[in-house]
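Trainee: okay, sequence plus prediction incoming.
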Amino acid sequence: MIGVFDSGIGGLSVWREIVRQLPYEPTVYLADQAHVPYGSRGMAEVRALSEGVTRFLLGQGAQVIVIACNTASAAALYYLRRTFPQIPFVGMEPAVKPAVERTRSGVVGVIATPTTFQGELFNSLLARYGGDARVIPQVCPGLVEAVESLALETEGTEHLLRECLAPLLEAGADQLVLGCTHYPFLRTAIERVVAGRMAVIDPAPAVARQTGRVLARRGLASTGAEPATHRLYTTGDRDAFARTVARLMPDVAGVTVLPARWADGASRIDG
């Protein structure tokens, strides 16, 4: 079973791709909406929350954990691997490598949360793959909240996008890396704003492929012949989350939406 988590609904963009590529793999997803967004929280707090979520997913039977949150990956991926050495983790990392390989202008834009850019992971990506390209990190306040409220096509959200993307367009960026898993749900609006001047890169397909490789390498791949079932939990409003899932992914079958809650001073999640 694959465990997937994010602070909210953004990780569903990754979960959706995992379900598409690995249709026989059952999944359990946790949206920690009690603490959304992670991007405005400190590194230590995100690590603690990520550890609590991981313990919950393992208790639900997960054998591999996908951190479908760039902020949590930046803050906690290495920490979680040390804390749970027997468990394989797949983290999100901004798709700097393919963006640098594809750029013709030599300028790449990356949009993400502040914590994503502060983490060791992003700096290591720049060192390994940045090459001679100019990679511009850009924080985009308000976008995570817009997605959580399903304001995907509103004038207000488009205004936020124009403000966020204008410096990258002015700098001549021709590649735009979506460095937050919430942002693929804004892809239509983003492409309208950039109007063909930047190619948009979503890392979710690559993460799903890596998850499949990890399962195969560890001998954990499902041998079932029937499409898998999926349990989606939220630490927020279960009914609102269920409506969101139905709206964003009406074509995904076999989904059960369930409540979860933090206990013991936000150190443990009960399902």
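Mentor: Here it is on my side, so go on.

Trainee: wait, T256 sits on L232?
Mentor: Yes. Applying C-beta atoms under 8 Å, one finds T256 in contact with L232, separated by 7.0 Å. Just so you know, the C-beta spots here come from the backbone N, C-alpha and C atoms, and that holds for glycine as well.

Trainee: can you list the domains in the chain?
Mentor: Here the domain assignment for the chain is 2-92+205-270, 96-202, based on automatic domain parsing.

Trainee: can you lay out those domains as TSV showing mean neighbour count and mean pLDDT?
Mentor: Output for the domains of the chain, formatted as TSV (neighbours: other C-beta atoms under 10 Å; pLDDT from 0 to 100):
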stretch	mean neighbour count	mean pLDDT
domain 2-92+205-270	19	94
domain 96-202	19	95
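
Trainee: distance of A146 from A112?
Mentor: A146 sits 15 Å away from A112, taking C-beta to C-beta, to the nearest Å as the criterion.

Trainee: likewise for L186?
Mentor: From L186 to A112 the distance is 13 Å (C-beta to C-beta).

Trainee: could you do D32 as well?
Mentor: From D32 over to A112 (counting by C-beta to C-beta), the distance is 18 Å.

Trainee: swap in P85?
Mentor: Noted for P85: a distance of 28 Å to A112, by C-beta to C-beta.

Trainee: please apply the same query to P137.
Mentor: On the measure of C-beta to C-beta, P137 and A112 end up 7 Å apart.

Trainee: ranges for the helices of the stretch 1-150 of the chain?
Mentor: 12-21, 43-59, 70-83, 96-102, 114-118, 120-129, 143-148 (DSSP state H, counting those that start in this stretch).

Trainee: ok, which of those helices comes nearest A246?
Mentor: helix 12-21 (11.5 Å; C-beta to C-beta).

Trainee: residues in contact with the closest one?
Mentor: 2, 4, 6, 25, 27, 29, 31, 66, 68, 92, 181-182, 184-185, 202, 204-205, 207-209, 211-212, 228, 230, 245, 248-249, 252 (C-beta atoms under 8 Å, 6 or more residues apart in numbering).

Trainee: from those residues, which ones fall inside strands?
Mentor: Secondary structure defined by DSSP state E assigns 2, 4, 6, 27, 29, 31, 66, 230 of these to strands.

Trainee: tell me if I'm right that the first one and P23 touch.
Mentor: This points to I2. No. I2 is beyond contact range of P23, at 11.9 Å (criterion: C-beta under 8 Å).

Trainee: got the end-to-end distance for stretch 101-120?
Mentor: Terminal residues of stretch 101-120 lie 22 Å apart, using C-alpha to C-alpha, to the nearest Å.

Trainee: starting at the chain centroid, how far to it?
Mentor: Computed by C-alpha atoms, centre = their mean, to the nearest Å, the chain-centroid distance of stretch 101-120 equals 15 Å.

Trainee: what do you get for stretch 56-76?
Mentor: 10 Å.

Trainee: what does stretch 246-258 give?
Mentor: Counting by C-alpha atoms, centre = their mean, stretch 246-258 comes out at 18 Å from the chain centroid.

Trainee: now that stretch - C-alpha only, CSV.
Mentor: What follows is stretch 246-258, C-alpha atoms only, in CSV (Å, rounded to 0.1, in the frame of the first residue of the first chain):
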residue,chain,number,x,y,z
ALA,A,246,-15.6,14.8,-6.0
ARG,A,247,-15.1,18.1,-7.8
LEU,A,248,-11.4,17.8,-8.6
MET,A,249,-11.4,14.1,-9.5
PRO,A,250,-14.9,13.0,-10.5
ASP,A,251,-13.5,10.1,-12.6
VAL,A,252,-11.5,8.3,-9.8
ALA,A,253,-13.4,5.3,-8.5
GLY,A,254,-13.0,3.2,-5.4
VAL,A,255,-12.5,6.2,-3.1
THR,A,256,-13.6,6.4,0.5
VAL,A,257,-13.3,9.8,2.4
LEU,A,258,-12.8,9.5,6.2
